[in-house]
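Let me see the structure of the following:
(one chain, ligands or ions: 2)
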Amino acid sequence: MAYIDVRQMSRMFLTGTQVTHANTDISFKVEQGSVVVILGPSGAGKSTLLNILGGMDSPSEGEVLIDGVDIAKMNARQLTTYRRQSVGFVFQFYNLVPNLTARENVELASQITKNARDVAKNPKLLLCDEPTGALDYKTGKQVLQVIQNAAKETETTVIIVTHNSAIAKMGDQVIRINDAHVQSIEHNAHPTPLAEIEW
Ligand code: ADP
Ligand code: MG
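Ligands and ions are numbered 1, 2, ... in the order given. Got it, this is the predicted structure:
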């Protein structure tokens, strides 16, 4: 049984009279302990999907089976328990803090590295939203190395959202998302060690 099994999942947002289709008819499966890279341009629906996998949001339609349990059917309290027991996050600091000085950038970088280390210790599911977005090249690589090790050395399942297509090579699976839809799913029998990836 796949650790993650997303079935025809859609998420729409209603703002006033405007409907935004952030995720439309999304389906894919992920094996436990694998690394998945979700690639797509800004606005494609990547963060929406990640938030749903992490139990921070619920879909409008469809099923999201995690370890055989449909988290789409969970209420707020059940989702909180799910998050606490199973999920680690590496957040997209980039969007939260757009104007950093060089020094703040360095501090943030070490904080994120630490964050990734903490998070990489245990969770069954590690969700990373643009984990290298705010980081310099070297630190970004370190964070991804920690993440890759977590998947290799433990049974942690890792999902990395990025618009950097070079990072896709580290994935056992690459899911391309565009305009709320899954565009393609590729399986990679020989993911590239991070040390050999450059961007
Ligand atoms: P990405 O992470 O790929 O940049 P998002 O998942 O953040 O994309 O957003 C996908 C679409 O859904 C965008 O058009 C965005 O404006 C919209 N969206 C995301 N969250 C909300 C929300 N809470 N309310 C209304 N629209 C939203
Ligand atoms: Mg995003």
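
and the residue of the chain found nearest ligand 2, which of the three is it?
Among all residues of the chain, Ser47 sits closest to ligand 2, at 3.2 Å; criterion: C-beta to the ion. Yep, even glycine has a C-beta here, placed from its N, CA and C like the rest. Following DSSP: H, G, I helix; E, B strand; the rest coil, Ser47 is assigned to helix.

which residue sits closest to it in space, ignoring its chain neighbours?
Asp129 (5.7 Å; C-beta to C-beta, 6 or more residues apart in numbering).

Kindly state the beta-bridge partners for the one you found.
Val161 (DSSP bridges).

Quickly note the distance from it to ligand 1.
Applying C-beta to the nearest ligand atom, to the nearest Å, the value for Asp129 to ligand 1 is 7 Å.

what about that residue, how many neighbours?
23 (other C-beta atoms under 10 Å).

correct me, but it touches Ile159?
No: using C-beta atoms under 8 Å, Asp129 is not in contact with Ile159, being 9.1 Å away.

Identify the contacts common to the two.
Contact criterion C-beta atoms under 8 Å, 6 or more residues apart in numbering; residues shared by Asp129 and Ile159: Leu50.

Please, where are all the strands along this structure?
4-15, 18-30, 35-39, 61-66, 69-70, 87-90, 125-129, 157-162, 173-178, 181-187 (DSSP state E).
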